[in-house]
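My questions concern the predicted model and sequence given below.
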Amino acid sequence: MAVDLSPYKSYIFEEFRDEGRAQRSAEDIVLVLEARGLDVSDEVRERITGCDDPDLLRDWLTRAVTVSSAAAIFAEQE
């Protein structure tokens with residue numbers, strides 16, 4: 001019996017999957033910052049979780065490992 005997998009290849013499915021990945025990346029960034037003992041303000045948290053650019057989120061995650069404050073992950077964008 002053949003199974004129709006076409007719904008899983010749709011544009012809408014891809015969009016939801018990408019949004020889910022971005023949300024997980026944003027959550028990872030906040031987790032790293034908090035695990036390092038840095039204060040994550042509501043403004044910083046909203047900016048991180050509101051981002052859907054995977055490349056930018058990857059840059060922020062890389063910076064989250066070494067920055068001295070949560071807001072410092074945005075330093076190069078401002």
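That came through fine.

Poorly predicted segments of this structure, please.
Across the chain, the ranges flagged by pLDDT under 70 are 1-20, 77-78.

quick one, strands of it?
With strands called from DSSP state E, the chain shows none.

Spell out for me which residue occupies the centre of it.
Centroid check for the chain by CA atoms, centre = their mean gives Ala26 as the closest residue, at 2.5 Å.

so what's that one up against?
Applying CB atoms under 8 Å, 6 or more residues apart in numbering, we find Ala26 in contact with Ile48, Thr49, Cys51, Leu57. In this view, the C-beta of every residue, glycine as well, is placed from N, C-alpha and C.

Mind doing that once more with 10 Å?
Contact analysis of Ala26 by CB atoms under 10 Å, 6 or more residues apart in numbering lists Arg45, Arg47, Ile48, Thr49, Gly50, Cys51, Asp52, Leu57, Trp60, Leu61.

ok, it to Pro54 distance?
10 Å (CB to CB, to the nearest Å).

what's the answer for Val44, then?
In terms of CB to CB, Val44 sits 19 Å off from Pro54.

Compare the two (neighbour count), which wins?
Neighbours were counted for Val44 and for Pro54 using other CB atoms under 10 Å; Val44 has more, 20 against 12.

Just give the number of residues close to the nearest residue to that one once chain neighbours are set aside.
Distances taken as CB to CB, 6 or more residues apart in numbering place Ala70 nearest to Val44, at 4.7 Å, with adjacent residues excluded. Around Ala70 there are 23 other residues, counting by other CB under 10 Å.

Perfect, I'm done here.
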